[in-house]
Structure formats: C-alpha cells, structure tokens
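> Let me see the structure of the following:
(chains A and B)
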2 protein chains.
Amino acid sequence: MPGTDELVFSGEMKEGVYRAIYGRRDIRSQFMPEPIPDEVLLRILRAAHHAPSVGFMQPWNFIVIEDAAARREVKESFEKAHAAAKQLFPEPKRAVYGSFKLEGILESPVNVCVTCDRSRFGPVVIGRTCQREMDLYSAVCAVQNLWLAARAEGVGVGWVSIVYPKDLKRILRLPSQVVPIAYLCLGYVTHFPEEPELQKAGWLPRLALKEVVFTERWGDRTGRICQALE
Amino acid sequence: MPGTDELVFSGEMKEGVYRAIYGRRDIRSQFMPEPIPDEVLLRILRAAHHAPSVGFMQPWNFIVIEDAAARREVKESFEKAHAAAKQLFPEPKRAVYGSFKLEGILESPVNVCVTCDRSRFGPVVIGRTCQREMDLYSAVCAVQNLWLAARAEGVGVGWVSIVYPKDLKRILRLPSQVVPIAYLCLGYVTHFPEEPELQKAGWLPRLALKEVVFTERWGDRTGRICQALE
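Now for the predicted structure:
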C-alpha cells in the first residue's frame, strides 16, 4: 500500500475503526447508572479535543454536567420543545412520534455539552473567511470523535437536539459568543441496539449507498464508482 | 466493564480507534498521484454513510470528482477566495498566511464533495424542530467518519474551506435545497505529519485539555474531572 508511514494499521486496528463507526448508536433507553471512571471519561474528552479544527482554532469546550438540578432544568426544556415538536407532525405520525423515547438526560450518569466559542483566537481565522460556519463544523467533528471513542470504550452516547439553545445558554451560563453545539448523555448501556431505533421502528428506511453517491456533479451516476455499486 | 455486548473491543481494536483519531491530519502537501482502488474508496464512503443523522434523515450525498476541468474550476474559486482572505490578515500574519499551502485540489487523485439536502424525507424531521442546523451537523459527522476511515486505510484527506459555496453550487450543479458542506481532497500520501501544520508552524498553540473542560457551567473548574486534569 503506498503512502503509509510508521503509523500503519493492523487488520485488527482497522477493524476497530469500522466497528466503532458501524456499532455506534444514538442511545436513549439503554443507560445504566454506573459511573464512568474519570480516566475513561478523560480519554473520551481528549479524543474529542483532537478533532480537526478550522485554522487550528480549537473552538470547543466540554462542560461535564453531573448536578441533578441543572439536568432537571435541561429536561424541562426538552419537555417544552418536545411538546411543541409533536404538534408539527400530522397524524398518524404524531402518535408514533409521541411514543418514542428521545433522551436519557436523567438516567445517564453524565451529560456533556459541547460548545463553540466563535471568538477564540481573534476574529480572522484561516479557512473561516468565506465559510463562516466552519468553526461550528469543527465542534461537530469533536462530537463525532467523542462518540466513536466512547463506543470503543463501551460507553453509549445520546445527542439531545430537542432542547432550546437559549435555555442551554441560560442554564450553563454561556457567554454571548459561545454557541451550544451538542447536548450529550453518556453512560454504560445494557446493550448497543443492532440498528438505529428509528430504522427498527420503520420511521425511515436506511438509504442504499448507491442512492447517495454521484460522480462529477449532482445526479450523475454514470461514473466508474457508481457502476461499482450496481 | 459494565454495559458491553457482543461487540466488545479488544485492546488492539481500541488502539485502532485512538490511532485514527490522533494520527488523522488535514493533508495539503503530501499527496501522491496513485489512484485509490474503488473498493477502498467505497469502504470510506460507506463509513461516511453510517454517520449519525438527525431523525435518521441521512441528508448527505457524496459527489466523487475526478474530472480535471471541474477541479480546475474549483481551484480557481480557491484562488479568488484565498486572495480575498489574505487581505484580512494584518502584517506580519499576512505574509505567513500567504506562505502556507492550503489545498491539494489538483495533486490529489480524487475530490469528494459532501453535501446536505435540507429537504430530504420532507419538511418535519425528528430532532430538527428547534435546532434547524441539525441536518448540517449530521453531514459534518459523515465528514468526520470519512476522515477517520480514510486514515485507517492509509488515505489522507484535506478539507478545503477557502472556496465560495456559490461556486461549488454552480460547478457541481447542486439544486437550491442542497448545501455544500465539505470539499475534500483524498489520496495516498508520502507521510502523515506528526503534528498539524499550523501547530508546527507556530501559528497557534495546541490548547491543554484542562483549558477546555468545565464542570456544571461555563468557566467552572471546581469539579472532580477538572481536578483530575491538574
């Protein structure tokens, strides 16, 4: 294989990467109360901190939330947002939506809010000059690193997006230039479901890879790599 | 360890995950022209497709670009954006900025544009009701999966964000509801640098983990996990 260096991956190491990617789940119902040892949580946070960032600005912070009172406030924000969201779905989807468990804020032993400080290291950032959202995307890469490292550690993660950002800013006392990116619930789990829960419930199907790959331009499936998918 | 299932990670598998996370680099200068075999590129794209997505909407597409003419157009957009960006940096940073090589659009054998179709599966999406940007973030998670799978395969990836989104929309003929998220250059490399290039060049320092971790709320470092970092 051309282009490798001393950091070559053994077959088993490569298998680990794919196992994390395919075995990762959004966890809502399977949390167990056992605490995550500090050294495990720190390995997960350090992995997140080594995400790519635009202009190396490392715009993220990780707020580790264990306090029950703060989490109850977040749960209240979820309840409001969830009730409002439910009204947006027409029946019969509304009843199905209402039946889903969509968060584990109080059952998981630890919550982590990943934030993005848009002013870090000053106003001009390499690579953020004509795509202003790049720092937000860097913080999302940190979330995905966290999620995959957690999976390798046997720790489940659930991303709660049904919560008002303005509530998170108030509860966590975020300064004005800091944006909440992801509110995450972390904990050991009874098991990692084989499929995403919304897939299993028949809410939406898994798209085939060939449906989402194009060659050269939007909608073009004439290229070699698309043919290889037929 | 509590909470694991049959998908337990061996020590070597876990090492693979961390090796991908810590050994991943944003590649601009180290590309080699050797083609990426189709089966390797498909493993990387399939890993991207298995990213988490809000409401399981899988909003991404992957446009594989090999055509030289299209890439020259993207390169021209980069040149314009790069020249405009340079003016934003005061001296002496401007000269340093100008000295960096920031893309490998033409040297890498394959470019991939990851997009987000904001209308996929209809207007109401579980989990995107009060955080409208969640579908964009899902597509970013796909980028990070792609990047880590590529690293495990010995393939380098560079994210070119100094390019005008409106140019990408025109060149790749994206429909109005489709947003370009990441323009990526892929290829085997002479080596993966030990450190990020901007870190090595002294542009910005790597933050210590303890600088970015808080407990309970913004700015609070009194909690146990922060103490463990001292």
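
> Looks to me like residue A:114 is in a strand.
Yes: per DSSP: H, G, I helix; E, B strand; the rest coil, residue A:114 lies within a strand segment.

> mind checking how far it is from residue A:135?
Residue A:114 is 12 Å from residue A:135, where distance means Cβ to Cβ, to the nearest Å. Every residue, glycine included, has its C-beta placed from N, CA and C.

> and what of residue A:75?
For residue A:75 relative to residue A:135 (Cβ to Cβ), the value is 29 Å.

> who has more neighbours, the two?
Neighbour comparison, residue A:75 and residue A:135: the larger count goes to residue A:135, with 25 against 15 (by other Cβ atoms under 10 Å in any protein chain shown).

> Tell me which helix or strand residue A:91 sits in.
Under the criterion DSSP states H and E, no helix or strand holds residue A:91.

> any idea how far residue A:97 is from it?
10 Å.

> More neighbours: these two, which one.
Between residue A:91 and residue A:97, counted using other Cβ under 10 Å, residue A:97 has the larger neighbour count: 20 against 8.

> looking just at contacts, which helices and strands does the longest strand belonging to chain A meet?
Ordering each strand of chain A by length in residues (DSSP state E) puts strand A:178-188 first. Where contact means 3 or more Cβ pairs under 8 Å, 6 or more residues apart in numbering or on different chains; DSSP states H and E, strand A:178-188 is packed against strand A:110-117, helix A:134-152, strand A:155-160, helix A:165-171.

> Please repeat the previous calculation with a cut-off of 6 Å.
strand A:110-117, strand A:155-160 (3 or more Cβ pairs under 6 Å, 6 or more residues apart in numbering or on different chains; DSSP states H and E).

> Contacts for the last one, please.
By Cβ atoms under 6 Å, 6 or more residues apart in numbering or on different chains, the residues outside strand A:155-160 that reach it are A:26-28, A:103-104, A:147, A:150, A:182-186, A:189.

> one more time with 7 Å
A:25-28, A:30-31, A:36, A:40, A:44, A:78, A:103-105, A:146-147, A:150, A:182-189, A:192, B:52 (Cβ atoms under 7 Å, 6 or more residues apart in numbering or on different chains).

> what do you get for the longest one?
Taking Cβ under 7 Å, 6+ apart as the criterion, the residues outside strand A:110-117 that touch it are A:36, A:41, A:59-66, A:71, A:105, A:135-136, A:139, A:142-143, A:168, A:172, A:174, A:177-187.

> what do you get if the cut-off is 8 Å, keeping everything else the same?
Strand A:110-117 has contacts (Cβ atoms under 8 Å, 6 or more residues apart in numbering or on different chains) with A:35-36, A:41, A:45, A:48, A:59-66, A:71, A:74, A:105, A:135-136, A:138-139, A:142-143, A:146, A:168, A:172, A:174-175, A:177-187, B:218.

> What residues sit buried inside it?
A:110, A:111, A:112, A:113, A:114, A:115, A:116, A:117 (16 or more other Cβ atoms under 10 Å in any protein chain shown).

> how distant is it from the center of its chain?
On the basis of Cα atoms, centre = their mean, to the nearest Å, strand A:110-117 sits 11 Å off its chain's mean C-alpha point.

> list residues touching both of residue A:114 and residue A:135?
With Cβ under 8 Å, 6+ apart, residue A:114 and residue A:135 have no common neighbours.

> Specify the beta-bridge partners of residue A:110.
residue A:186 (DSSP bridges).

> Go ahead and confirm residue A:82 touches residue A:105.
No: applying Cβ atoms under 8 Å, one finds residue A:82 not in contact with residue A:105, separated by 11.4 Å.

> more crowded one of those two?
residue A:105 (22 against 19).

> Residue ranges in chain A under the pLDDT threshold?
A:1-6 (pLDDT under 70).

> Identify the residues contacting the residue lying farthest from the centre of it.
For chain A, the residue at maximal distance from the C-alpha centroid (Cα atoms, centre = their mean) is residue A:222, at 33.4 Å. Neighbouring residues of residue A:222 by Cβ under 8 Å, 6+ apart: residue A:215.
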